[in-house]
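A.B. asks: Quick one, fold the following:
(one chain, ligands or ions: 1)
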Amino acid sequence: MNRRMLRKCSWCGKKTTTREVFIDGHPPERLSVCSDSCEQSLREFVSHYRATRWYLLSGMLLITLAAAVFALMGAVNLLPLCLTSFGLLIMLLPFATGETIELMGVHKSVVLVRVIGLLTSFSSAILFMSLA
Ligand SMILES: [Zn+2]
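C.D. replies: Next comes the predicted model:
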C-alpha cells in the first residue's frame, strides 16, 4: 500500500518523495508522510483528534449558549469571558479546517490555531479587565 510519489507531507507540509500511509478507523484516512517521525506524529494527532473532536464541538456550543445567556441578562461585560474561553478551548483542541491542513500540513496548522487561540484569549482577557 506504500506508493512513492512527489506530494506534500500531511504532517510537516514539505514537498518531498512521500509514501502513503493508511490510518484505520472511522473514517479511515489515506495520508502522505515524508518520514517515520512525521508518520508517528500524524498517527498520534489523528488518534487525539478522533478521541476529542466532540469536546471541541460541545465546548463551542456551551460557549455560544453562555454568550446568549449573558447577552439576554444584559451582562455585556461578561461576553469577553466567552471569547477567552473560546481561545483556551482551541489552544487545547487545535483542529484547523481540512483546507488549512492541506495548505500547510497538520503541524503548522496546529501552531497557527494555538497562536490564534492565544491572541484571542489574551486580547479578550484585556477587554474583560477594561470593562470590569
Ligand atoms: Zn513530514
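A.B. asks: which residue is nearest the centroid of this protein?
C.D. replies: With distances taken as CA atoms, centre = their mean, the residue of the chain nearest its centroid is residue 95 (1.8 Å).
A.B. asks: residue boundaries of the helices in this protein?
C.D. replies: Applying DSSP state H to the chain gives helices spanning 36-73, 79-92, 98-131.
A.B. asks: Out of the ones you listed, which one sits most buried?
C.D. replies: Highest mean neighbour count among those (mean count of other CB atoms under 10 Å): helix 79-92, with a mean of 19. Quick note: C-beta positions are derived from backbone N, CA and C, even for glycine.
A.B. asks: so what's residue 120 closest to, chain neighbours aside?
C.D. replies: residue 87 (3.4 Å; CB to CB, 6 or more residues apart in numbering).
A.B. asks: quick one: the one you found and residue 118 touch, right?
C.D. replies: Yes. Here residue 87 reaches residue 118: they are 6.8 Å apart, a contact under CB atoms under 8 Å.
A.B. asks: ok, which residues in this structure are in contact with the ion?
C.D. replies: 9, 11-12, 34, 38 (CB under 5 Å from the ion).
A.B. asks: Output the below-cut-off pLDDT ranges for this structure.
C.D. replies: For the chain, residues meeting the criterion pLDDT under 70 lie at 1-5, 18, 26-28.
A.B. asks: Please save the CA atoms from stretch 97-116 in CSV.
C.D. replies: The C-alpha trace of stretch 97-116 is given here as CSV (Å, rounded to 0.1, in the frame of the first residue of the first chain):
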residue,chain,number,x,y,z
THR,A,97,-10.1,23.1,8.7
GLY,A,98,-9.2,20.5,6.1
GLU,A,99,-8.3,23.3,3.7
THR,A,100,-5.8,24.8,6.2
ILE,A,101,-4.3,21.4,6.9
GLU,A,102,-4.0,20.6,3.2
LEU,A,103,-2.3,24.0,2.6
MET,A,104,0.3,23.9,5.4
GLY,A,105,0.3,20.4,6.9
VAL,A,106,-1.1,19.3,10.3
HIS,A,107,1.9,20.5,12.4
LYS,A,108,1.9,24.1,11.1
SER,A,109,-2.0,24.3,11.3
VAL,A,110,-1.8,23.2,15.0
VAL,A,111,0.7,26.0,15.7
LEU,A,112,-1.4,28.5,13.8
VAL,A,113,-4.6,27.6,15.7
ARG,A,114,-2.8,27.8,19.0
VAL,A,115,-1.4,31.3,18.2
ILE,A,116,-4.9,32.4,17.2
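A.B. asks: All set now, cheers.
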